[in-house]
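>>> Return atomic coordinates for the entry below.
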Amino acid sequence: MKSMTGYGRATGVALGQSITVEVRCYNHRFKDIRLKLPKGWLSLEVPTENRIRDWMGRGRVECFVRSSTGGGLVGKPVLNPHIAQEYLQLYRELSRTISNQESPLFEPTLDILARSEGVIEFVEAVADTEQAWREWQPILDESLRTAEKMRGDEGHKLAVEVGFRLRETGRLLEELRREVPEELRLLQGRTEERIRSLTAQVELTEDRLIQELAVLSERMDVTEELARMDSHLVQFGEFCGKSEPVGRELDFLLQEMNREINTIASKVRSAPIVRLTVDLKAEVERIREQIQNIE
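This next block holds a predicted model:
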């Protein structure tokens with residue numbers, strides 16, 4: 001069982017640059033991959049995303065890559081003279097608009113023009129995609145391995161906490177199983193007294209009374225619900241021991257547990273049973289909070 005949260009980092013050399021890659025993993029119901037690669041790496045986006053997609057089960061993964069320049073500007077710089085000329089004319093027009101006798105005309109500098117958006121662009125830096133991928137993949141894989149270790153460690157901690165909650169849920173179920181027969185017996189006794197009181201002036205055979213009490217017992221029978229709860233707990237424990245993604249299966253089992261607990265609460269409404277079902281629902285909710293972070 002692995003957590004969906006984790007962090008990985010690796011450094012290396014690719015495309016003639018010193019590269020640092022960071023992988024950050026977060027909770028998410030589906031697969032959501034967000035890449036921030038250096039400019040000029042367009043041809044590497046698809047294989048990088050596919051590699052991360054194969055690695056993850058579900059969750060959100062953000063992959064950030066920086067070059068030795070710090071800004072990740074890997075690629076061949078290209079000047080767009082038409083854009084530069086348009087910026088020059090706009091800056092000069094702006095200078096004429098705001099200038100006066102005390103403030104002379106301002107001539108745009110080369111630094112201002114060079115930093116204007118679109119004047120200098122970086123084109124694709126990857127000449128040989130296969131060679132570039134061979135250089136880049138080991139760095140990416142190393143970052144994924146470090147993130148995987150953190151996710152595994154976190155998953156182990158979650159498994160310990162979930163195991164404790166499962167044992168507590170099992171204990172409450174056993175208490176409920178002991179309480180139900182006694183509560184049914186008491187309820188049958190109260191029901192019998194009420195029936196005899198209401199039918200004091202009417203002839204009621206013993207067979208008819210037994211029949212009515214049998215119908216009541218059948219309506220309040222929770223044997224099947226308890227058996228299904230036992231089965232769900234066993235399956236839950238088995239899923240927790242698997243290495244592949246099991247978050248969706250665990251979430252489904254918790255929904256089924258809640259359904260069984262609600263049915264029990266609706267069939268037997270005595271105070272002790274209500275208290276136990278409330279405690280059971282609280283434990284199931286605590287488990288749900290933990291597995292929201294499980295892949």
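>>> Please make it C-alpha for all contacts and neighbour counts, starting now.
Will do.
>>> Residue 147: what's it in contact with?
Contact analysis of residue 147 by C-alpha atoms under 8 Å, 6 or more residues apart in numbering lists 6, 7, 8, 9, 23, 24, 25.
>>> let me redo that: residue 5
Contacts of residue 5 by C-alpha under 8 Å, 6+ apart are 24, 25, 26, 27, 150, 151, 154, 293.
>>> related to what we said a few turns ago, can you pick out the most distant pair from the contacts of residue 147?
The most widely separated members of the contacts of residue 147, counting by C-alpha to C-alpha, are 9 and 25 (11.8 Å).
>>> Settle it for me: which of the two has more neighbours?
residue 25 (24 against 21; other C-alpha atoms under 10 Å).
>>> Might one say that the more buried one is in contact with residue 2?
No: using C-alpha atoms under 8 Å, residue 25 and residue 2 do not qualify as a contacting pair, with a distance of 11.7 Å.
>>> Now residue 137. Its backbone dihedrals?
Recorded main-chain torsions at residue 137 are phi -60, psi -40, according to degrees, to the nearest 10.
>>> What number of residues are in the vicinity of it?
16.
>>> Against residue 48, how distant is it?
The spacing between residue 137 and residue 48, counted by C-alpha to C-alpha, to the nearest Å, is 8 Å.
>>> swap in residue 99?
Residue 99 sits 52 Å away from residue 48, going by C-alpha to C-alpha.
>>> More neighbours: which of the two?
For residue 99 and residue 48, the more surrounded residue by other C-alpha under 10 Å is residue 48, and the numbers stand at 18 against 13.
>>> ok, then the element right after the host helix or strand of that one?
Using DSSP states H and E, residue 48 sits within helix 45-55. Downstream of helix 45-55, the first helix or strand assigned by DSSP H and E is strand 59-66.
>>> All the strands of the chain, in order from the start?
For the chain, the strands defined by DSSP state E occupy 6-14, 17-26, 31-36, 59-66, 76-79, 120-123.
>>> The fourth one vs strand 31-36, what angle?
When axes from the mean of the first three to the mean of the last three C-alpha atoms, to 10 degrees is applied, the directions of strand 59-66 and strand 31-36 differ by 10 degrees.
>>> same check, this time on the second one
Between strand 17-26 and strand 31-36, the angle comes out at 150 degrees (the same axes, to 10 degrees).
>>> Could you pull up the mean pLDDT of strand 17-26?
Mean pLDDT, strand 17-26: 92.
>>> Give me the sheet partners of that strand and which way each runs.
Note on strand 17-26: by DSSP bridges, its sheet partners are strand 6-14 (antiparallel), strand 59-66 (antiparallel).
>>> Would you mark the buried spots in the first one?
Residues of strand 6-14 classed as buried under the neighbour-count rule (16 or more other C-alpha atoms under 10 Å) are 6, 7, 8, 9, 10, 11, 12, 14.
>>> For residue 54, grab the count of nearby residues.
Residues lying near residue 54 (other C-alpha under 10 Å) number 8.
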